[in-house]
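>>> Give me coordinates for this.
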Amino acid sequence: MAFRNGGKARTIRDRFEPAMSGTTHPLATLARVDELALGCSPVHRLDPRVKLATTLLFVLCVTSFDAHAVAGLLPFVCFPLVVSRISGISPARIGKALRPALPFVLAMGSLNPLLDRAPVALIPGVEIAGGWFSLTSILLRFLLTLSALFLLTATTGMPALGAAARRLGVPAGVVSVLLLTWRAIFLIAEEGERMRRAHDLRAFGVKRPAWPVAARLVGHLLLRSLERAQRLHQAMLARGFDGTLPARPLLRFHLRDGVFLMGWTVLFLLLRFDDPVLRLGVWLMECIP
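Residues are numbered from 1 along each chain as shown. Next up, the predicted model:
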């Protein structure tokens, strides 16, 4: 998503660069996703419909395993690693983007080892509580699915993803809501940054406002966001908005798109239903005297 200022295109990161001087700013990750989508790697040049369909199939296969599945999920690591390598988006950048959500995932599965005490065989003669398997499975699913979704967004961009979703049959109203929500995140954050700077200038060195002051600031932020949304809606109506956003043109379907889609589809289905890790384990057990 780009903006115009004085005839020069600006990305979202350029628009909010003064507010994102620190790497931990809440906007930093989203703005970098918008910047990464402007790349020109082979993955970036793929048809957005192909990338969206492939990622959805990947997520469906990963989430369809049973609660204690661990070994069966490991081969699926190849998809985010290969896409990361080809697109030039390093695993470290992906990990930094997923780090804020990791505590919530750990909180969801932290009680599994205590609640699920049923023994599960790790290797012949060694058993551990099934809760440890389910906790590991939750972490693997989290890393795999969110890594794939992050790579999808970072190599495609939200406008192209919205157009691809419409072409694949997603209702236009749903797509419009998603795109407007993405846009509104930065508008609300911009209002919040203005209020934060105004507070810092008037707080005489107090970095964190007291709870009553913070509550009033949140209330004012909600009111200003509502007023901003009303002005935005009126501007859209004045420009002929009829409930759906205009779809940007998609890339034409090429041979490379078909190879990418069919190749990963066959691999995902083989990994899901053939279980190569189990076959390898059985073969190793047979080889051991």
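>>> Remind me what the helix or strand hosting Gly192 packs against, helices and strands.
Here Gly192, judged by DSSP states H and E, is contained in helix 172-202. Judged by 3 or more CB pairs under 8 Å, 6 or more residues apart in numbering; DSSP states H and E, the packing partners of helix 172-202 are helix 26-36, helix 158-167, helix 211-238. C-beta here means a position set from N, CA and C on the backbone, and glycine is covered the same way.
>>> Distance from that helix to the middle of the chain?
Averaging C-alpha positions (CA atoms, centre = their mean, to the nearest Å) puts helix 172-202 18 Å from its chain's average.
>>> And the helices and strands packed on helix 172-202: which comes nearest Phe104?
Set against Phe104 and scored by CB to CB, the helices and strands packed on helix 172-202 come closest in helix 26-36, at 15.3 Å.
>>> residues in contact with the very next helix or strand once past the closest one?
Sequence-wise, the next helix or strand downstream of helix 26-36 (DSSP H and E) is helix 48-63. In this structure, residues lying in contact with helix 48-63 by CB atoms under 8 Å, 6 or more residues apart in numbering are 43, 73, 76, 79, 141, 144-145, 148-149, 151-152, 155-156, 160-161, 163-165, 167-168, 250-251, 253, 257-258, 260-261, 264-265, 268-269, 271-272.
>>> The helix holding Gly192 relative to helix 211-238, how many degrees between them?
Angle between the axes of helix 172-202 and helix 211-238 is 140 degrees (criterion: axes from the mean of the first three to the mean of the last three CA atoms, to 10 degrees).
>>> What average pLDDT does helix 172-202 get?
Average pLDDT, helix 172-202: 80.
>>> Can you list the low-confidence ranges for the stretch 1-150 of the chain?
Within the stretch 1-150 of the chain, the stretches falling below the threshold (pLDDT under 70) are 1-31, 120-127.
>>> Roughly how far does Arg231 sit from Ala210?
Using CB to CB, to the nearest Å, one gets 31 Å for the distance from Arg231 to Ala210.
>>> Could you report the neighbour count for Ile171?
One thing to correct before we go on: residue 171 is Pro, not Ile. The local packing of Pro171 (other CB atoms under 10 Å) involves 11 other residues.
>>> any idea how far it is from Leu217?
The span separating Pro171 from Leu217 equals 37 Å under the rule CB to CB.
>>> Also Leu267?
Taking CB to CB as the measure, Leu267 and Leu217 are separated by 51 Å.
>>> Next: Ala154.
For Ala154 relative to Leu217 (CB to CB), the value is 32 Å.
>>> ditto for Trp264
Distance from Trp264 to Leu217, counting by CB to CB: 47 Å.
>>> Please apply the same query to Phe150.
According to CB to CB, Phe150 stands 31 Å off from Leu217.
>>> the more surrounded of the two?
The residue with the greater number of neighbours, taking Phe150 and Leu217 and applying other CB under 10 Å, is Phe150; the counts read 21 against 16.
>>> can you pull the contacts of the more buried one?
With contact set as CB under 8 Å, 6+ apart, Phe150 has these partners: Val33, Ile94, Ala97, Leu98.
>>> Confirm it sits in a helix?
Yes. With DSSP: H, G, I helix; E, B strand; the rest coil as the criterion, Phe150 is assigned to a helix.
>>> now it: how far from Leu56?
Distance of Phe150 to Leu56, given as CB to CB: 14 Å.
>>> which parts of stretch 168-175 are buried?
Val175 (16 or more other CB atoms under 10 Å).
>>> how about the CA coordinates for it, as PDB?
The C-alpha trace of stretch 168-175 is given here as PDB (Å, rounded to 0.1, in the frame of the first residue of the first chain):
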ATOM      1  CA  LEU A 168     -11.300 -17.200  -5.700                       C
ATOM      2  CA  GLY A 169     -14.900 -16.600  -4.600                       C
ATOM      3  CA  VAL A 170     -14.600 -14.700  -1.300                       C
ATOM      4  CA  PRO A 171     -17.600 -12.300  -1.000                       C
ATOM      5  CA  ALA A 172     -16.600  -8.700  -2.000                       C
ATOM      6  CA  GLY A 173     -18.000  -7.300   1.300                       C
ATOM      7  CA  VAL A 174     -15.700  -9.500   3.400                       C
ATOM      8  CA  VAL A 175     -12.700  -8.500   1.300                       C
END
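>>> Thank you, goodbye.
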